[in-house]
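Trainee: Dropping a prediction and its sequence here:
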Amino acid sequence: MNFITAMEQRYTTKMYDQTRKLNPTQREELKEILRMSPSSINSQPWNFTFVTDAETKMKLAEVSNFNAQSVINCDTLVVFSRINNLQLFENQIAEQLPAAAVDYYKRVVKPKSDEQIKTWFAKQVYLSLGVFLSACAEMKIDSTPMEGIDPEKYDTILGSTDYCTLVAVAIGYRDSEDPNQLEKKSKSRKPINEVVKSI
């Protein structure tokens, strides 16, 4: 299956088959894909938590609003977080990045407000989210990206202090009764001439 076919066939899954499980190799491949995701100046201001423990998933489901069933029934819940500790981030890039990248951060990003800096971090995390969803599609793993969660309560449950939850993704395999399947609900996208320009 080529990439465009994978994207044509992916959709946001609403119901998961609890009897079908990812194999450990698939999960490890997805972890490596996230690790390899691109970010501005290779800043990598992120953290990814793979949750398979049923008790933890149940606690997270309780603070996931209308996404509760997806959290409970999926094989794995992946939580995407941005770094929240600016000093920790600056220490990391000083140790890991070349001088030119650190200089860019100091000149362009650091003069901004804390809120603007954290928004810049969040943008990098969303780059990794796009890579992750695309990888799942190519691997024929179903997914449900979810912003309809309570980030602060997620952080409490996961014991996260230096990182802040932004979004979670349920992954696994669709239930045969899932109403969002393309056979039951056609994919809706704008015509290409309305979203892509050539100059």
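Mentor: Looks like it arrived, so ask away.

Trainee: Every contact and neighbour count from this point should use C-alpha atoms.
Mentor: Fine.

Trainee: My understanding was that Phe66 contacts Met146; is that so?
Mentor: No. Taking contacts as C-alpha atoms under 8 Å, Phe66 lies outside contact range of Met146: 9.7 Å.

Trainee: higher neighbour count, the two?
Mentor: Met146 (18 against 13; other C-alpha atoms under 10 Å).

Trainee: And the more buried one, its phi and psi?
Mentor: Here is the backbone geometry of Met146 (degrees, to the nearest 10): phi -140, psi 120.

Trainee: what's the pLDDT at it?
Mentor: pLDDT, Met146: 98.

Trainee: Next: the one 4 residues further on.
Mentor: Predicted confidence (pLDDT) at Asp150: the value is 98.

Trainee: Surely it touches Ser64?
Mentor: Yes. Counting by C-alpha under 8 Å, Asp150 touches Ser64, with 6.2 Å between them.

Trainee: residues in contact with the longest strand along the chain?
Mentor: Identified as the longest strand of the chain according to DSSP state E is strand 163-172. Applying C-alpha atoms under 8 Å, 6 or more residues apart in numbering, the contact partners of strand 163-172 are 16-17, 20-22, 46-47, 70-71, 74-85, 122, 141-147, 149, 151-152, 154-155.

Trainee: Among these, which lie within strands?
Mentor: Short answer: these in strands (DSSP E) are 46-47, 76-83, 142-146.

Trainee: need the contact list for the spatially closest residue to Ile171 that is not a sequence neighbour.
Mentor: Among residues not flanking Ile171 along the chain, Ser143 sits closest, at 4.4 Å (C-alpha to C-alpha, 6 or more residues apart in numbering). Counting by C-alpha under 8 Å, 6+ apart, Ser143 makes contact with 11-13, 133, 136, 169-173.

Trainee: Sweet, I'm off.
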